[in-house]
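J.: coords please:
(4 chains)
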Protein chains: 2
Amino acid sequence: MASSIAELIAERIDAMPAGERRAAQTLVANYPVIGLKTVADFSQQAGVSSPTILRFVSRLGFHNYPEFQAALQDELAAQLQSPLTRTVTAPSPDSGKTSPVLEATLNNIHETFRHVSEKQISEIVARLANPRAKIFLIGGRFTDPIAHYMAAHLTIVRSNVFHLTGQESTWRDRLIDMGKRDVLLIFDIRRYQESLIRLAEKAHARGVEIVLFTDQWLSPIARFARHVIAGRTAVPSSWDSSAALFVMAETLIGELTRAMEAESARRIREMEELR
Amino acid sequence: MASSIAELIAERIDAMPAGERRAAQTLVANYPVIGLKTVADFSQQAGVSSPTILRFVSRLGFHNYPEFQAALQDELAAQLQSPLTRTVTAPSPDSGKTSPVLEATLNNIHETFRHVSEKQISEIVARLANPRAKIFLIGGRFTDPIAHYMAAHLTIVRSNVFHLTGQESTWRDRLIDMGKRDVLLIFDIRRYQESLIRLAEKAHARGVEIVLFTDQWLSPIARFARHVIAGRTAVPSSWDSSAALFVMAETLIGELTRAMEAESARRIREMEELR
DNA sequence: AAGACGCCGTACCGTATGTTACGAATTTTA
DNA sequence: TAAAATTCGTAACATACGGTACGGCGTCTT
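T.: Numbers count the residues shown, from 1 in each chain, chains lettered A, B, ... in the order given. Next comes the predicted model:
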């Protein structure tokens, strides 16, 4: 027995043909507002034809579309009428429904940000906003994708962003391009990689400003780093979560975007024109 | 200036004639559901005639009834998207410290998981746990790092994991290795990339099972996908956040690790010995 | 490889829905 | 108290919306 329409869909979505499944997915993704609009709107959003929408609601057990909408409205009314149900069933199903890994991850994110000061962030952002500085990024085995992600976004708002990739010998030679004004962002969590430590040491010797993203036990690179972001990584599993570092990277991107609003807007406009 | 329709009503209700005031009161009492139903329903509930309802919405500044309904729906959508902003911002003292981007990100993660059923996750995990299936991963411009990250972790717990990287021509040829038993994980958010759509279409034609990680507007690839994970990406900035998808990827990794506990433990032990 | 089945979209239809005109009733003003 | 203005409902109207029949297409079966 399904109490809500969302559950009903989850039950039957497997028995649906491709088109109707697509309808089900868009409804779930925009639940429930899209279902309150017209069949035409719904079908367009889902990328299928209107009859498919009607067949979809029919398969859910409704005799016609208005009956389906009425059910959605009743559900909505029941949900909105009693603020208790909302605070009990909606926001805190975290405890019952969500997996322990997710819960730990959210905790990690919170904790990580609690231990990072605004000043620290603004200082890093200020440094990244300097257009004359070159920015290099690199990460370890599991964290290099985050470095890559961050590089992709930094490239949007400013120039001179370089993601060090490939073999160690390749990017080790890039040291020659790094100077006092430049910044090296390193992601390194357990088990800390020897190659990264060597790189950090040499870069530090050249006067490069190092920003380190690591775990709460701190990579040895911290010794050379100007700024250290220590993210919580512990989850109830045999591996370490990098979600906190990922969110931290996004936050820096966001702050930097805001700080460079004028310049980055112009840059983005130019990029659009190049397409 | 009134931000919500409810406020708009409160502002003007004194200047209304009796009939329209009744309409306003019933709308506030059953907000907003009654306004989503037909004019006839609304008028009957309020005990007035339909033209009175029309005059009422007209007095609120809307040109016609559908426009009024659209406004209600938009408001509802905005409200439902972030059910936590209200319950979180008030009680938690963090709200002063944390940036709006971070808050939105945490909301996105919550919302994303709310719209994904456990069954969906367990089915995907079951498929990934099949040792005979080959697993291919690929992503778009900003999401490919997530694919890369996930691939790095999947490699730990099982074999036959391939991250499609480099030029399009390179990985397009890998299609030949894909068969009915295999799984293709695609990350694709706005703006959806043509090349990925083409790949998905061809893979689908070969009977490959596609798992799509996209945003709430659903990449066109959803048409070919067996499973669709719709992550919230909206943050108060000019770019889209991928954090929800990242956490979702980690969750799948965690679940898979648990599901393959016996085998993966043996595999990890073997890897340790190889060092 | 040929047939059968089921799915999906195009085109059309009937109707429920929003809309408007007009007159009765009620309130306001002189 | 009478006239004027405003409000409100009845009834007729047009349109857009939900619904359906049909044919093409892909997929699975024997």
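
J.: Only C-alpha atoms from now on, for both contacts and neighbour counts.
T.: Will do.

J.: For the residue in the stretch 51-200 of chain A positioned nearest to DNA strand C, which residues are in contact?
T.: Closest to DNA strand C within the stretch 51-200 of chain A is residue A:52: 5.1 Å, counting by Cα to the nearest atom of the strand. Residues near residue A:52 by Cα atoms under 8 Å, 6 or more residues apart in numbering or on different chains: A:19, A:20, A:23, A:43.

J.: what about the helices in chain A?
T.: A:5-12, A:18-29, A:33-36, A:39-46, A:50-59, A:65-81, A:83-89, A:100-114, A:118-129, A:144-157, A:168-172, A:194-205, A:243-259, A:261-274 (DSSP state H).

J.: can you tell which of the ones you listed is closest to residue B:140?
T.: In terms of Cα to Cα, the element of the helices of chain A nearest to residue B:140 is helix A:144-157, at 10.8 Å.

J.: what does that closest one contact?
T.: Against helix A:144-157 from outside (Cα under 8 Å, 6+ apart): A:137-139, A:161-163, A:185-187, A:246, A:249-250, A:253, A:257, A:260, A:263-265, A:267-268, B:141-146, B:148-149.

J.: least reliable of the helices of chain A going by mean pLDDT?
T.: Note on the helices of chain A: helix A:83-89 shows the lowest mean pLDDT, a mean of 37.

J.: Could I get the contacting residues of the residue most central in space within chain A?
T.: By Cα atoms, centre = their mean, chain A has its centre lying nearest to residue A:247, at 6.1 Å. Going by Cα under 8 Å, 6+ apart, residue A:247 touches A:109, B:102, B:105, B:243.

J.: Quick check: it vs residue A:113, distance?
T.: To residue A:113, residue A:247 is 10 Å away according to Cα to Cα, to the nearest Å.

J.: Name the residues of the stretch 51-200 of chain A found near chain B, please.
T.: Within reach of chain B by Cα under 8 Å from any Cα of the partner chain, the stretch 51-200 of chain A has these residues: A:73, A:76-77, A:87, A:91, A:98, A:101-102, A:105-106, A:113, A:141-146, A:148-149, A:152-153.

J.: Would you mind checking those for buried ones?
T.: With burial judged by 16 or more other Cα atoms under 10 Å in any protein chain shown, the buried subset of those is A:73, A:77, A:91, A:98, A:101-102, A:105-106, A:113, A:141-146, A:148-149, A:152-153.

J.: quick revisit: turn the helices of chain A into a markdown table, including distance to DNA strand D.
T.: Listed next are the helices of chain A as a markdown table, based on distance: least, Cα to the nearest atom of the strand, whole Å:
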| stretch | distance to DNA strand D |
| --- | --- |
| helix A:5-12 | 17 |
| helix A:18-29 | 10 |
| helix A:33-36 | 8 |
| helix A:39-46 | 4 |
| helix A:50-59 | 5 |
| helix A:65-81 | 4 |
| helix A:83-89 | 28 |
| helix A:100-114 | 36 |
| helix A:118-129 | 49 |
| helix A:144-157 | 35 |
| helix A:168-172 | 46 |
| helix A:194-205 | 49 |
| helix A:243-259 | 38 |
| helix A:261-274 | 35 |
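
J.: how far does stretch A:168-176 stretch from start to finish?
T.: End-to-end for stretch A:168-176, by Cα to Cα: 14 Å.

J.: Give me the buried positions along it.
T.: Those buried within stretch A:168-176 under the rule 16+ other Cα under 10 Å are A:172, A:175.

J.: What is the neighbour count of residue A:63?
T.: For residue A:63, the tally of surrounding residues (other Cα atoms under 10 Å in any protein chain shown) stands at 12.

J.: Now it: phi and psi?
T.: Backbone torsions for residue A:63, taken as degrees, to the nearest 10, come to phi -80, psi -30.
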